[in-house]
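> after the sequence you'll find the predicted model.
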Amino acid sequence: MLGNDIVLGHCNCNSGVGAIAGDCLNISMCEYTAGRTSFQVVAWNSQGQSSEQVIRVPVTGPGYSVSYVGNASHKVPSQLITLTKRDFELPLLYLTYDELKNDTIVRRTENKATHVLLFTAKLPAVGYETFEVKMVAPTAPTAVETTHEVAVDTSKRYGNGVYEIEINSANGMVEMLHNVALNKSTPFSIDWGWYNSSVGGCTKGVSKGMNPCSGQASGAYMFRPNTSNVFATGPAETIVTEVVEGDLVTEIRQTFSDWATHVIRLFKGKEYIEVEWTAGPIPINQPWLVPESEESKLCGPGGCNWGKEVVMMYQSGLHSDSKFYTDSNGREMLKRVRNERGPSYPKLNVSEPVAGNYYPVNAMITLDDGEMEMAVLTDVSMGGSSMRDGGLELMVHRRVQKDDSRGVQEPLNETMCGCNDINAEPGHMGENGHEGDGGCQCAGLTMRGKHWIIFDTIERTHEVRRLVSENLQYPATLAFNVDAAKKPLRPSYSAVAASLPANVKLMTLTNNYQELFDGGLMLRLAHLFSVDEHATLSKPANVSLSKVFAKTGFKIASVEEMSLTGNAPLKVMDDAKVHWPTHDPTNGNMWHTSPNAHEARVYMPKEDADFTITLRPMELRTLIVTFDRAE
């Protein structure tokens, strides 16, 4: 698409997902941008709708300007932000303890960038836009050195035009959240904590009459804390809060300990609050709770090496009445009730108060009070719960000290250099199949990710959470042209003639199976909303494929509706279905048919020249399409 005269280097600077290897802001992988005076950024949007996304790339130096390639006079608003202390520390975690003693290795590994260059990119549907970044004199009008660090002003609300945050004067923690448009507020806090992993034995705090004892340890396949207590990540007095203000984003940087930190970002005009968390290296002891001099006395010769299940906790003032919701594989939201199961299940005996209330969270977890809703969106799958009314918590990292006897045969005790047996005898590292050879001791695994917080009316939150989640889950893929003399043949491109409706997701367009379908491509579309989730966006969506795919060389020629896996025509599959007799085991307490449900599938009219596909709420359709390439 870009032509053969452009050399691209790829680095997904937006990801920040999982281990820090996914985030080129924090390691020396992005040599394409750090230290360069000019380069081009190609931002590819895979979504079926145009998208406005915040792009962040590492740079070196204080002054830069951003413009569209092909239109240098069209400047893009941008902002420079200094890297945090944590950003500079993270690359060195990949080094072993011996390598840290080698100045040459340290210099080669350390972060060369000094700032993050941030700008907002307006991207076409299924397409890309190219931006030119140039270093300019710091005194120039376009230098965008608009960021300034300020002392925390506890009498001030920090906001982005949509939300405002207040900070407690006594402890530096967030204490209030305001929705500006609605003039609605709630007490609000963001906190870190961890559960102590069980090594087998009894769980403290179990209801009377329940059996709290088991030999099951917490491990790779099991989450089982030995108590419902949430422990602090360090002494309370270590919490440090800093504020960095700018024209496009205000950052509230909070340090809870040297291994638990996060940055709250308020992007101007965005309907969410970003929390970028960094967890690790998780210590295996806790001197802030058990002094090292007392470890042997309290815990035996091995010391107090406790496994830790690390959580981030978001506490609001909403009266959620023990109810919360989690997504099912990123699709429908499922109602959860603390210490209960659904009506078709037997009564729950609560023998594990924490683990028994944790559920998979692939995309979002929410709660509401019947009027206002708080949602926390995730960029990766993790466990989550609501252990207190108005509160949501997500497990962001774990480090345990005992195997759970479920097949891995080693504790979940990973390190940054690949060896998880750091307490093994010398010469016995890696004896359980890992690559350690006795010399790979290094820091514990460190993770970084993002949560997006929404606080609004229930209907508005339902709309925003689905739409903005696409940017969090599928951010723009970035590539870089480091030779400024080479210009792309097409600096801007979109593969489609029209965007898909807002409630329709482009899932798949692939030629992987074209040999099976006489050259046809597999196209999958999905409805983003479920029944009754939103007054208008939950209605069936009609997509005219001939209008979406109407560009020269990419015009749609034929469409065949298939089963989800593509192994049978859709009508053939539907006609062959067995209609099972059903009954309601809960006598009307479980099955509630919505008057807005759309039971009957809508097939594409055979003679429809527009190739109109109708998607019901949450429906996912597979199509085999061919394109007219002759033009």
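Received the coordinates, thanks. Numbering: from 1, shown residues only.
> what about Ile556, neighbour count?
The local packing of Ile556 (other C-beta atoms under 10 Å) involves 21 other residues. Using the backbone N, CA and C atoms, a C-beta is placed for each residue, glycine as well.
> confidence score at it?
Looking at Ile556, its pLDDT reads 91.
> confirm that it sits in a strand.
Yes. Assignment of Ile556 by DSSP: H, G, I helix; E, B strand; the rest coil places it within a strand.
> what strand or helix carries Gln49?
Counting by DSSP states H and E, Gln49 is held by no secondary-structure element, helix or strand.
> mind listing what it touches?
Each residue near Gln49 by C-beta atoms under 8 Å, 6 or more residues apart in numbering is listed here: Ala125, Glu470, Ser499, Leu500, Ala502.
> repeat that for Glu459.
Residues in contact with Glu459 (C-beta under 8 Å, 6+ apart) are His534, Ala535.
> pLDDT of the strand or helix carrying it, averaged?
Assessed by DSSP H and E, Glu459 sits inside helix 458-473. Taken as a whole, helix 458-473 has an average pLDDT of 95.
> on the three-state scheme, the nearest residue to Gly566 once chain neighbours are set aside is what?
With C-beta to C-beta, 6 or more residues apart in numbering as the criterion, Gly566 has its nearest non-adjacent residue at 5.2 Å, and that residue is Thr622. Following three-state DSSP, Thr622 is assigned to strand.
> look up how far Ser51 lies from Thr622.
Using C-beta to C-beta, to the nearest Å, we find Thr622 at a distance of 24 Å from Ser51.
> related to what we said a few turns ago, which pair in the contacts of Gln49 has the greatest spatial separation?
Using C-beta to C-beta, the contacts of Gln49 span at most 12.5 Å, a distance reached by Glu470 and Ser499.
> list the contacts of Thr457.
The contact partners of Thr457, taken as C-beta under 8 Å, 6+ apart, are Leu182, Glu371, Met372, Glu373.
> select only the buried ones of these in ChimeraX?
A single ChimeraX command selects the buried members of these (16 or more other C-beta atoms under 10 Å):
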select :372,373
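> does Ala34 sit in a helix or strand, and which one?
Counting by DSSP H and E, no helix or strand carries Ala34.
> contacting residues for it?
Ser28, Pro58, Val59, Thr60, Asn111, Lys112, Ala113.
> with those in mind, which one is nearest to Leu80?
Among these, and counting by C-beta to C-beta, the member closest to Leu80 is Val59, at 7.5 Å.
> that closest one: what's it in contact with?
Listed by C-beta under 8 Å, 6+ apart, the contact set of Val59 reads Thr33, Ala34, Arg36, Leu80, Ala113, Thr114, His115, Val116, Leu117, Val133, Met135.
> quick check, nearest of the residues you listed to Arg524?
The closest of the contacts of Val59 to Arg524 turns out to be Thr33 (C-beta to C-beta; 34.3 Å).
> tell me where the stretch 401-550 of the chain has strands.
In the stretch 401-550 of the chain, the strands defined using DSSP state E, counting those that start in this stretch lie at 447-457, 477-481, 492-494, 504-510, 521-527, 541-544.
> for the fourth one, which strands pair with it and how are they oriented?
Right, the one you point to is strand 504-510. Take DSSP bridges as the rule and strand 504-510 pairs in its sheet with strand 521-527 (antiparallel).
> buried residues of the strand it pairs with, list them for me.
Using 16+ other C-beta under 10 Å as the test for burial, strand 521-527 gives Leu521, Met522, Leu523, Arg524, Leu525, Ala526, His527.
> and what of stretch 457-469?
Neighbour-count burial for stretch 457-469, counted by 16+ other C-beta under 10 Å, picks out Ile458, Arg460, Thr461, His462, Glu463, Val464, Arg465, Arg466, Leu467, Val468, Ser469.
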